[in-house]
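[1] Task: produce atomic coordinates for the following.
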Amino acid sequence: MSQNRGASFQPMALPDEQMQVRVVWLYYMEGRTQGEIAEALSTNRLRVNKIIAEARRSGLVTITLNSRLTSCVALEQQLAMEFSLNRAIIVPTPEDADLIPVLLGQAAADYLVQLLNGGNIRGVGVGWGATLREMVRHMPSLRRPDICVNSVMGGLTHGIEINTFDIASDLARQLNAECSYLAAPIYAGTPESRTAIIRQDVFETAFRQIEANDVIVLSIGDMTERSLLMRYGLPSSINIEELVAAGACGDVLGQFVDKTGRPIEHAINRCAIAPELEALRAIPNVIFASGGLNKAQAIAAVLLSGLGNVLICDEETARQARQLALDLRARSGS
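    Purely as a prediction, here's the structure:
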């Protein structure tokens, strides 16, 4: 199959274009069967067959596997294989870094719709952040009263639209689904306070609902001032330098991890009003949607942790995160 390197690149490829390229790649370049492709891309064999037939008629298979998008698809396969992911979705990195959350949010919305249409999904948990805000904005209107959307972590006291409460309620509205909240701040004052809070009946019910989710969609935080958690969410008694000194390179669910993806030894992790990170391993679909080079180290840590099984990221960040993770894995001999 030849590639037309001179073809123009459209940085915001339509979902149908992305699906066509992935189907063609898997069928012609990797020799997958149509059934295997349908399962891998959460669609059906009829659609795969139609895409392949149209690709033959249109000449897609001979000229238009754009070299940049092709590199994204190849990187997806590497990440899935090397880090035991069910799926990696990589989008080209735009020249304007501010567009990264928009593109990743669109990709996350597309993938979530695939899951909702293709499986028996009853519970969807969400975190917070700019990428998840964009995911909600790109979600089509569906009618799924059988689904419960819930927030999986406490929220910020600032009333900004990227808060977990707003994201959960807006997503539920788009899906015409039920909605429930973890109505608490992101951090309790002390580990003892957190224990007292989550032992209340209303919170025990909320945590049971979180544990029963079929899908959880999260972002990954870094340790710079670009992080909303760093700017708005940290307790006043804790600063970034203190967490970095303890080994933190990023956070998941408000809990800080080191470069290997392990939680750091710090009291703040025992104050987070959210499930413990290990609880994510029991969720069938844990989607991390995050990008930007400032997050590369944190994304590498999450890849090494094995906490999620789907990564949605931009190409430059994913490539750097992959290399960081592989280098650390090689040094540790694991």
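
[2] pretty sure Q77 contacts E30?
    Yes - proximity of Q77 to E30 meets the contact threshold set by CB atoms under 8 Å, at 7.4 Å. No exception for glycine: its C-beta is placed from N, CA and C like everyone else's.

[3] K50 versus the residue located most distally from the centre of the chain, what's the distance?
    Within the chain, the residue lying farthest from the chain centre (CA atoms, centre = their mean) is R57, at 35.2 Å. Noted for R57: a distance of 11 Å to K50, by CB to CB, to the nearest Å.

[4] Same question for I287.
    Applying CB to CB to I287 and K50 gives a distance of 27 Å.

[5] Same drill for the two, tell me which one is more crowded.
    I287 (25 against 12; other CB atoms under 10 Å).

[6] In the sheet, which strands lie alongside the strand or helix carrying the more buried one, parallel or antiparallel?
    In this structure, I287 sits in strand 285-289 according to DSSP states H and E. In the sheet, strand 285-289 lines up against strand 215-218 (parallel), strand 310-314 (parallel) (DSSP bridges).

[7] Which of those has the highest mean neighbour count?
    Ranked by mean neighbour count, the strands paired with strand 285-289 are led by strand 310-314 with a mean of 27 (mean count of other CB atoms under 10 Å).

[8] between the host helix or strand of A296 and strand 285-289, how many degrees?
    Under the criterion of DSSP H and E, A296 resides in helix 296-305. Interaxial angle of helix 296-305 relative to strand 285-289 (axes from the mean of the first three to the mean of the last three CA atoms, to 10 degrees): 160 degrees.

[9] Run through who's touching helix 296-305.
    Residues outside helix 296-305 that contact it (CB atoms under 8 Å, 6 or more residues apart in numbering) are 79, 83, 220-223, 249-252, 257-262, 277, 288, 290-291, 308, 311, 313, 317-318, 320-322, 324-325, 328-329.

[10] Just to be sure, which of these are found in strands?
    Residues of these located in strands (DSSP state E): G250, D251, V252, V257, F288, L311, C313.

[11] Run through the stretch 1-150 of the chain and note the low-pLDDT ranges.
    1-15, 59-68 (pLDDT under 70).

[12] In it, what residue spans correspond to helices?
    Along the stretch 1-150 of the chain, counting by DSSP state H, counting those that start in this stretch, helices occupy 15-24, 34-40, 45-58, 60-63, 67-82, 100-118, 130-137.

[13] returning to that earlier point: go ahead and measure how far the strand holding I287 is from the middle of the chain.
    For strand 285-289, the separation from the chain centroid amounts to 4 Å (computed by CA atoms, centre = their mean, to the nearest Å).

[14] Kindly report the same for stretch 220-240.
    The chain centre lies 20 Å from the centre of stretch 220-240; the measure is CA atoms, centre = their mean.

[15] Buried residues, that stretch. List them.
    By neighbour count on 16 or more other CB atoms under 10 Å, the buried set for stretch 220-240 is I220, G221, D222, M223, S227, L228, L229, M230, G233, L234, I240.

[16] do stretch 326-334 as well
    Within stretch 326-334, the residues scored as buried using 16+ other CB under 10 Å are L326, L328, R329.

[17] any idea how far R281 is from the nearest residue to the last one once chain neighbours are set aside?
    Excluding its sequence neighbours, the residue lying closest to R329 (CB to CB, 6 or more residues apart in numbering) is L304, at 6.7 Å. From L304 across to R281, the span is 14 Å (CB to CB).

[18] ok, V124 - contacts?
    V124 touches 112, 147-150, 171, 175, 177, 213-217, counting by CB under 8 Å, 6+ apart.

[19] Out of these, the closest to Q18 would be?
    Relative to Q18, the closest of the contacts of V124 is L112; by CB to CB it sits at 14.6 Å.

[20] was I right about T70 contacting R22?
    No - assessed by CB under 8 Å, T70 is found out of contact with R22, at 10.5 Å.

[21] These two: which has the busier surroundings?
    Taking other CB under 10 Å, T70 and R22 do not tie; R22 has more neighbours (20 against 16).

[22] and that one, what does it touch?
    By CB under 8 Å, 6+ apart, the residues touching R22 are L41, V73, E76.

[23] Show the buried residues in those residues.
    Neighbour-count burial (16+ other CB under 10 Å) is assigned, among those, to L41, V73, E76.

[24] Can you add distance to I121 and give those back as CSV?
    Converted to CSV, the buried ones among the contacts of R22 look like this (distance: CB to CB, whole Å):
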residue, distance to I121
L41, 17
V73, 26
E76, 23
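
[25] sorry, back to before: and the ones in strands among the contacts of helix 296-305 as TSV, adding distance to T205 and pLDDT?
    Formatted as TSV, the ones in strands among the contacts of helix 296-305 follow (distance: CB to CB, whole Å; pLDDT from 0 to 100):
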residue	distance to T205	pLDDT
G250	30	96
D251	26	97
V252	23	97
V257	28	98
F288	26	98
L311	31	98
C313	34	98
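
[26] Endpoint to endpoint, stretch 136-147 covers what distance?
    In stretch 136-147, first residue to last residue: 15 Å (CA to CA, to the nearest Å).

[27] Could you give the separation of that stretch from the chain centroid?
    For stretch 136-147, the distance to the chain centre is 18 Å (CA atoms, centre = their mean).
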